[in-house]
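> fold the stuff below for me.
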Amino acid sequence: MALKFPGTNQDPFEKVFSKNLYVSDFYKIKHWSYDFTLGEQDKAGFNDCLCLVYIQKGNFLFDLSRKAHEMYSGYILLEKQNYEYKMRPSVGACTIFNFTNDFYQQFLMGLNLEHSFFFSNPNLISLVLQSAPETDYLHHQILQQFNVAAKLEMDHLVLDFFSQVARTINNLPPEDESSFILPTNGLNAVELAREYIHKNFIHDISLQELSSNCYVSPFHFSRVFKKITAYSPHQYLQQVRLKHGEMLLKNSSMPIAAVAYACGFSSPAYFATAFKQRYKLNPAQYRKSI
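Have a look, this model is predicted:
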């Protein structure tokens, strides 16, 4: 979703600041701060993918296909792909999530949303929702974690956030995992994934990378993996890394910082926090206790 402004990401005439926060294999997260009150003119743009806009502060005045939207902080706009829009004079900030079309189709099938009132109706191209406490929390976590979290952790957060919004749209209850039917290739996919994690846990693995190795879609893979292992892919990867760290602390004299990086953690501080949550002692205390 991009306004048709000339020049750089910051427009001196309209006070617009756009920044990419995070780019994954199947989504992009952007931050917008804007002040459209100077020119007092509508600004046109074109959206070429499924777009979710979370209003952080201020207001967001938006026209799409002859329909006017007036939103404020705590609201969410969901917009389908390939439509022009206009921004009316307004001041605020928002987070924008753009999803690839392939993922969008996989997501619809994964949650059986092809026949829902919004996703199945070609005449409905946008929808405004009031955010729920769960979506507010997940959005907050995404903004806190995007520059420190591993790829798999970030992908899991965004997928959870988008799923929460989709369930709010259709008034669906929390997902009942007991009713999930395991596909015929599910067990094989999880076996491949576990083998891949055991060989590559030192690397920053993304959900797309892991699911591609198992020949299933990212959304479908997450559900299958948790059904069989009782862990999300990120949780499983975290436990493998922590176990490897425990063994290195026991059986080597490596500095704790070197242990952290050898396990695939992005920083010694992150490793120490996760290790203490799992083993009730920080790495230095654990090594001393042995």
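> in what helix or strand does His115 lie?
For His115, there is no helix or strand it lies in under DSSP states H and E.
> go through stretch 222-237 and flag the buried ones.
Using 16 or more other C-beta atoms under 10 Å as the test for burial, stretch 222-237 gives 222-228, 232-237. Bear in mind the C-beta positions are built from the backbone N, C-alpha and C, glycine included.
> and if you look at stretch 187-201?
Ala189, Val190, Leu192, Ala193, Arg194, Tyr196, Ile197, Phe201.
> kindly indicate which of the residues you listed lies nearest Ala274.
Phe201 (13.2 Å; C-beta to C-beta).
> per-residue confidence at the closest one?
At Phe201, the pLDDT value in this model is 95.
> how about it, phi and psi?
phi -60, psi -20 (degrees, to the nearest 10).
> wait, doesn't it sit right on Arg241?
Yes. Assessed by C-beta atoms under 8 Å, Phe201 is found in contact with Arg241 at 5.4 Å.
> so what sits against both of these two?
Counting by C-beta atoms under 8 Å, 6 or more residues apart in numbering, the residues touching both Phe201 and Arg241 are Cys263, Gly264.
> ok, now which ones touch Met254?
Leu248, Ala262.
> confirm it sits in a helix?
No. Assigned with DSSP: H, G, I helix; E, B strand; the rest coil, Met254 falls outside any helix and is coil.
> per-residue confidence at it?
95.
> next one: it from Ser289, what distance?
17 Å (C-beta to C-beta, to the nearest Å).
> and Phe103, by the same measure?
For Phe103, the distance to Ser289 - C-beta to C-beta - is 46 Å.
> and the longest strand seen in the chain, what does it pack onto?
Secondary structure assigned by DSSP state E gives strand 50-64 as the longest strand of the chain. For strand 50-64, the packing partners by 3 or more C-beta pairs under 8 Å, 6 or more residues apart in numbering; DSSP states H and E come out as strand 67-72, strand 75-79, strand 83-87, strand 91-99.
> and the helices in this structure, which stretches?
Along the chain, counting by DSSP state H, helices occupy 101-110, 133-145, 151-169, 186-200, 207-213, 218-229, 233-251, 256-262, 268-279, 283-289.
> and the first one, average pLDDT?
Meaning helix 101-110. The pLDDT scores in helix 101-110 average 84.
> use 522 as the first number for this chain going forward.
Okay, using 522 as the starting number, the last item reads as helix 622-631.
> hmm, who's touching it?
In contact with helix 622-631 (C-beta under 8 Å, 6+ apart) are residues 547-548, 570-571, 602, 620, 634-635, 640, 683, 687, 738-741, 744.
> what separation do you get for Arg744 and Lys809?
From Arg744 to Lys809 the distance is 42 Å (C-beta to C-beta).
> equivalent analysis for Lys588, please.
64 Å.
> cool, thanks, signing off.
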